[in-house]
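[1] With the sequence up front, the predicted model follows.
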Amino acid sequence: MRRMNLKNMIKQVVHQKLKSLTPNALIAYGQEYQIYLTKEQATSIVYYLKKTDLNPLDEKDRIKALKKLAQITDPQTAQKVNRIFQQMIKDNGLSHWF
């Protein structure tokens, strides 16, 4: 029971972080991990993340989001964003939740 409550809390925190993300912040995150995005790419990605209600903790939802991001930008950019997300998970010690 406690694990489920903690997972819901983490889901809410991640969801809130995605909803409050700005293009400049996404570009900065990318640069931190040596992954470079254009302002146009970051703006399109942030717009999509803000309008979707996909669960970032659910693998199927993440795959769906990556496919959509590949349509919005291109497959290489979608993979870049996935690498940023995976690195942020690892750096914050959250790998066991994903």
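    In hand now; what should we look at? Numbers count the residues shown, from 1 in each chain.
[2] Would you map the helices across the protein?
    For the chain, the helices defined by DSSP state H occupy 2-19, 23-32, 39-51, 59-72, 75-91.
[3] hey, C-alpha coordinates of stretch 19-26 in PDB?
    Coordinates of each C-alpha in stretch 19-26 appear next as PDB, following Å, rounded to 0.1, in the frame of the first residue of the first chain:
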ATOM      1  CA  LYS A  19       3.600  20.400 -17.400                       C
ATOM      2  CA  SER A  20       5.700  23.200 -16.100                       C
ATOM      3  CA  LEU A  21       8.600  22.600 -18.500                       C
ATOM      4  CA  THR A  22       9.600  25.500 -20.800                       C
ATOM      5  CA  PRO A  23      11.400  25.200 -24.100                       C
ATOM      6  CA  ASN A  24      14.500  27.000 -22.600                       C
ATOM      7  CA  ALA A  25      14.500  24.500 -19.700                       C
ATOM      8  CA  LEU A  26      14.300  21.600 -22.100                       C
END
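[4] For Asp74, give me phi and psi.
    Main-chain dihedrals, Asp74, degrees, to the nearest 10: phi -160, psi 160.
[5] Roughly how far does it sit from Arg62?
    To Arg62, Asp74 is 18 Å away according to Cβ to Cβ, to the nearest Å. (C-beta placed from N, C-alpha, C; glycine too.)
[6] Turn the helices of the chain into CSV, including mean pLDDT and mean neighbour count.
    Converted to CSV, the helices of the chain look like this (pLDDT from 0 to 100; neighbours: other Cβ atoms under 10 Å):
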stretch, mean pLDDT, mean neighbour count
helix 2-19, 77, 12
helix 23-32, 90, 16
helix 39-51, 90, 17
helix 59-72, 88, 15
helix 75-91, 82, 16
